[in-house]
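[1] The following comprises the amino acid sequence and a computationally predicted model.
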Amino acid sequence: MAPPATQKALVITEVGKPLELVTDWAVPQPGPDQVLLKVTVAGLNPHDGKTREWGLFAPKLPAVIANDVTGTVVALGPGVTKYQIGDRVVSQPEFRGNYAQNGLQEYAVNDISAGCKIPDSITDDEAASLPTNIIAPLVGLFATEHGLGIPAPWTEGAKSFDYKNTALLIIGGGSNCGKFAVQLAKLANIGTIISVGGFDEELKGFGATHVLDRHGGEEAVLERIRKVVADDLIYVFDAINPPETLVLGMKALSSTKKGRLARLLPTHPADKSTVLGKKAGFDVVDVYGSSQAQPNLAYPFWKRVPEYLTSGKLKPLNFVVKNGLTADNVNMVLDGYRDGARVTKTHIHL
């Protein structure tokens, strides 16, 4: 049966105001290298709250949000052979205002390279825990320009890179992006994977070699880090800190070897003035976790995701479910992000 011409969708009509339900939103049409999905799960993340409150990824209004999407293929774009009608697919929409791909609507377009078929052993909810929260650390760890530049394990550069003797510090390892950063580091066989924050048993189950208490003040945490890496650390991935509190990662970097810190919250430039004694210097790079913006890295990764999931090399994260494409369901979650509440990753079932 052909998809309808219009559909239900939740839209931002005014920045700073609750989402509203509309019933006459146009159903998008898939183009080349695209398919149309009947959406089953739309996953929400903190950036969705920032989009509602600040217009972060909403260059024009009205706007549909949600960048973790799963669905069933109902139409193929011209020449598409990767999928068949009825396949279950997980998708990461782009962030550039092409709302046809986002999840809070009944039908959404998928760029076939920015996602994959969901293995039979994996539920739609498990798959929907991946896109936003795994692509950000994928770029943060492995991108050359907008990340730490560690070679992805399937690339040519991996053949000569010394993963075993490499140390990686992940600040905010207990966050969803931090948990996937640990898993990706383990996937690459990085020898020393240190998380600041998070639950010891969970993160060591994901592959962390050290899980450090984040409490007690900056100097106490630095001392814990240096007991593991001494003055040799050159790779830091910070999943949680805005510029005002980025200093821990910068100070943890080596004073004699040039280091690199990749950050997820680049709201404004990092203040390096309090970080002294770094004779070789260091770089702070801003991570943009978009599959479409990093196709040479993300698309080969998505090809491998089904095997990583079925083999257990990647483990989905926890989530809670709200049933129904209703404004109340979504606005309640986004209110929690706005108000600084502890929010478990929430999936809207359509």
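    Right, received. Where do you want to start?
[2] quick one: average confidence on stretch 174-187?
    For stretch 174-187, mean pLDDT is 98.
[3] what's the spacing between the helix or strand where V35 lies and its chain's center?
    Element membership for V35 (DSSP states H and E) is strand 34-43. Relative to its chain's centre, strand 34-43 lies at 18 Å (CA atoms, centre = their mean, to the nearest Å).
[4] Give the next helix or strand downstream of it.
    helix 46-54.
[5] one step back: what are the buried residues along the strand holding V35?
    Neighbour counts over strand 34-43 (16 or more other CB atoms under 10 Å) mark Q34, V35, L36, L37, V39, T40, V41, A42, G43 as buried. Yep, even glycine has a C-beta here, placed from its N, CA and C like the rest.
[6] pLDDT (mean, whole number) over that strand?
    98.
[7] Please apply the same query to stretch 247-259.
    Regarding stretch 247-259, the rounded mean pLDDT is 97.
[8] same thing with stretch 284-304?
    On average, the pLDDT along stretch 284-304 is 97.
[9] measure that stretch end to end?
    29 Å (CA to CA, to the nearest Å).
[10] do the same with stretch 191-206
    14 Å.
[11] List of residues touching it?
    Contacts to stretch 191-206, defined as CB atoms under 8 Å, 6 or more residues apart in numbering, come from residues 163-175, 178-179, 182-183, 185-186, 207-212, 214, 221, 225, 228-229, 240, 248, 315.
[12] Repeat that for stretch 250-257.
    Residues outside stretch 250-257 that contact it (CB under 8 Å, 6+ apart) are 169, 218, 222, 225-226, 229, 231-234, 236, 259-261, 270, 272, 275, 277-280, 282, 284.
[13] According to the record, where do the domains of the protein fall?
    Annotated domains of the chain cover 6-130+316-349, 134-286 [automatic domain parsing].
[14] and the shortest one, how far from the chain's centre?
    With CA atoms, centre = their mean as the basis, the distance from the averaged C-alpha position of domain 134-286 to the chain average is 16 Å.
[15] what's the answer for stretch 21-39, then?
    Distance of stretch 21-39 from the chain centroid (CA atoms, centre = their mean) equals 23 Å.
[16] Just the CA coordinates for it, please, in PDB.
    Extracted as PDB, the C-alpha positions of stretch 21-39 are listed here (Å, rounded to 0.1, in the frame of the first residue of the first chain):
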ATOM      1  CA  LEU A  21       0.900  18.000  17.200                       C
ATOM      2  CA  VAL A  22      -0.100  18.600  13.500                       C
ATOM      3  CA  THR A  23      -2.100  16.200  11.300                       C
ATOM      4  CA  ASP A  24      -1.300  17.600   7.900                       C
ATOM      5  CA  TRP A  25       2.500  17.400   7.700                       C
ATOM      6  CA  ALA A  26       3.600  16.300   4.200                       C
ATOM      7  CA  VAL A  27       5.000  12.800   3.900                       C
ATOM      8  CA  PRO A  28       8.500  13.100   2.300                       C
ATOM      9  CA  GLN A  29       9.500  11.200  -0.800                       C
ATOM     10  CA  PRO A  30      12.800   9.300  -0.900                       C
ATOM     11  CA  GLY A  31      15.400  10.400  -3.500                       C
ATOM     12  CA  PRO A  32      18.400   8.500  -4.800                       C
ATOM     13  CA  ASP A  33      20.300   6.600  -2.000                       C
ATOM     14  CA  GLN A  34      17.300   7.000   0.300                       C
ATOM     15  CA  VAL A  35      14.400   5.000   1.500                       C
ATOM     16  CA  LEU A  36      11.100   5.900   3.300                       C
ATOM     17  CA  LEU A  37      10.600   4.500   6.700                       C
ATOM     18  CA  LYS A  38       7.400   4.000   8.700                       C
ATOM     19  CA  VAL A  39       8.800   5.200  12.000                       C
END
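[17] Quick one: mark the members of the contacts of stretch 191-206 that sit in helices.
    When DSSP state H defines the helices, the subset of those inside them is G178, K179, V182, Q183, A185, K186, V221, I225, V228, V229, L248.
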